[in-house]
Structure formats: C-alpha cells, structure tokens
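Undergrad: Pasting the sequence and the predicted coordinates here, then a few questions.
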Amino acid sequence: MVRGKTQMRRIENATSRQVTFSKRRNGLLKKAFELSVLCDAEVALIIFSPRGKLYEFANSSMQETIGRYLRHTKDSRASKQPTEETVQHMKNEAANMMKKIEQLEVSKRKLLGEGLGSCSIEELQQVEQQLEKSVSNIRARKTQVFKEQIEQLKEKEKVLAAENLRLSEKCGMIVQTPDGSKEPGEIENAGEDSHPISDVETELFIGPPPERRTRRLPPRL
C-alpha cells in the first residue's frame with residue numbers, strides 16, 4: 001500500500017526544534033563535505049540558526065566562491081537580455097508580417113469583387129479561377145450534406161414504419177396471411193346501428209362558391 005506524503009511543518013516545541021536543528025545541520029555539513037571530496041566540486045554552504053548564529057563550510061575560499069556565484073548570475077542575466085541584433089531581427093519579422101497581412105486584405109477585397117480597377121487580365125483570371133474552385137467545393141459539400149440528410153430521413157422512415165406496424169398489430173388492424181406476410185385487416189363494426197362513413201368531397205372549386213339553397217320552414221299553425 002502506497003502511503004501518502006507527510007506534510008512538513010514547523011516544530012512547535014522549542015527544545016525539540018533546537019535538537020532537530022543541531023542534528024540536521026551536522027548532517028548537511030557532512031553531506032557538503034562528502035560532495036566536495038567525492039565529486040571534486042566547489043561547495044560553499046551558509047547556515048544561520050534561528051538565533052542568528054552563523055555556520056558555514058567551503059572547500060575553498062568562501063569569498064571566492066561567492067564572487068564566482070555573483071559573476072555567474074550576472075552573466076546569466078546579461079545573456080537573457082535581447083541583443084541589438086535580436087531586436088533588429090524581431091523588427092524585420094514584424095514588418096514582414098504586416099506586409100503579409102496587407103496582401104491578404106487585398107486578396108480578400110478582390111474575392112469580394114472590390115478593388116479590381118487596377119487588376120490586369122491575368123490577375124482577373126486568377127481571381128475567377130479561385131472563385132470557380134470555391135464554388136465547386138461548396139457545391140460538392142452541399143451535395144454530400146443532402147445525401148446525408150436523405151439517408152437520415154430513410155432511416156427515420158424505417159423506424160416510423162416499424163412503430164406503425166407494431167401499433168397496428170396491437171390494435172388488431174393487421175392480419176397474417178397463410179404465407180406468413182402481414183396485410184391490413186378490416187375493422188369490424190361495433191354494432192348494427194353503425195353507419196358507413198360517407199366519402200369526403202375533395203374536389204377543388206375555382207370561382208365564387210355555389211349559392212346555398214334556403215331551407216323553408218313549415219308554417220306554424
């Protein structure tokens with residue numbers, strides 16, 4: 001089982017904190033000495049106790065090591081600063097990007113049919129070819145979308161037909177023939193008083209509607 005890492009925090013007890021400091025300080029000084037001997041490294045270690053007491057170790061002069069450290073950090077900061085050549089290169093890159101942006105803006109206006117007064121016949125032919133290619137790609141994509149929609153509608157039609165068949169079987173409106181196929185059946189009349197449904201007139205009339213006949217009521221006695 002993997003144990004979680006114990007969170008390191010300050011020792012609250014002053015006596016325990018002082019004992020721990022002494023042990024860890026001696027161990028750190030020992031490791032610094034071993035590193036300098038085993039690896040022939042230039043090591044300088046500075047420790048200040050909580051009370052401000054200084055402990056240090058250096059396998060050579062502490063001042064020389066500190067001076068070397070300061071020179072190294074100064075050189076590192078200087079190397080990170082952009083040189084004059086780098087700044088000029090960045091300016092050139094920015095100018096080239098601005099030119100490319102302007103060219104793209106000009107091409108965009110030409111494709112929109114603007115700014116064509118200064119174009120030669122060759123440039124106009126190039127613009128025309130680009131537009132024809134774009135229209136061809138758009139039409140191809142449009143045809144593909146139509147095909148995908150048709151396939152989706154066909155699948156939806158199959159699902160609806162299957163659902164319609166299921167509901168018809170549930171209501172008893174589908175009968176099974178001897179050969180195993182299914183056909184629509186007739187709905188039996190609920191009683192003798194049922195009346196046939198008259199045909200609905202669907203003929204379209206053009207013109208004013210025919211005059212309605214007035215229904216005469218019998219005179220009252």
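TA: Right, received. Where do you want to start? Numbers count the residues shown, from 1 in each chain.
Undergrad: which residues of the protein fall in strands?
TA: In the chain, the strands defined using DSSP state E lie at 44-48, 54-58, 174-176, 182-184.
Undergrad: Check the offset of the longest helix anywhere in the chain from the chain's centre.
TA: Under DSSP state H, the helix in the chain containing the largest number of residues is helix 121-171. On the basis of CA atoms, centre = their mean, to the nearest Å, helix 121-171 sits 25 Å off its chain's mean C-alpha point.
Undergrad: Same question for stretch 159-176.
TA: For stretch 159-176, the separation from the chain centroid amounts to 44 Å (computed by CA atoms, centre = their mean).
Undergrad: would you put the C-alpha positions of that stretch in PDB?
TA: Coordinates of each C-alpha in stretch 159-176 appear next as PDB, following Å, rounded to 0.1, in the frame of the first residue of the first chain:
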ATOM      1  CA  VAL A 159     -38.200   3.400 -37.700                       C
ATOM      2  CA  LEU A 160     -41.700   5.000 -38.100                       C
ATOM      3  CA  ALA A 161     -42.900   2.200 -40.300                       C
ATOM      4  CA  ALA A 162     -41.800  -0.400 -37.800                       C
ATOM      5  CA  GLU A 163     -43.500   1.600 -35.000                       C
ATOM      6  CA  ASN A 164     -46.700   1.900 -37.100                       C
ATOM      7  CA  LEU A 165     -46.700  -1.900 -37.700                       C
ATOM      8  CA  ARG A 166     -46.300  -2.500 -34.000                       C
ATOM      9  CA  LEU A 167     -49.200  -0.300 -33.100                       C
ATOM     10  CA  SER A 168     -51.400  -1.700 -35.800                       C
ATOM     11  CA  GLU A 169     -50.700  -5.300 -34.500                       C
ATOM     12  CA  LYS A 170     -51.500  -4.100 -31.000                       C
ATOM     13  CA  CYS A 171     -54.900  -2.700 -32.200                       C
ATOM     14  CA  GLY A 172     -55.700  -5.700 -34.200                       C
ATOM     15  CA  MET A 173     -55.700  -3.900 -37.600                       C
ATOM     16  CA  ILE A 174     -53.100  -6.300 -39.100                       C
ATOM     17  CA  VAL A 175     -53.800  -9.900 -40.100                       C
ATOM     18  CA  GLN A 176     -51.400 -12.600 -41.000                       C
END
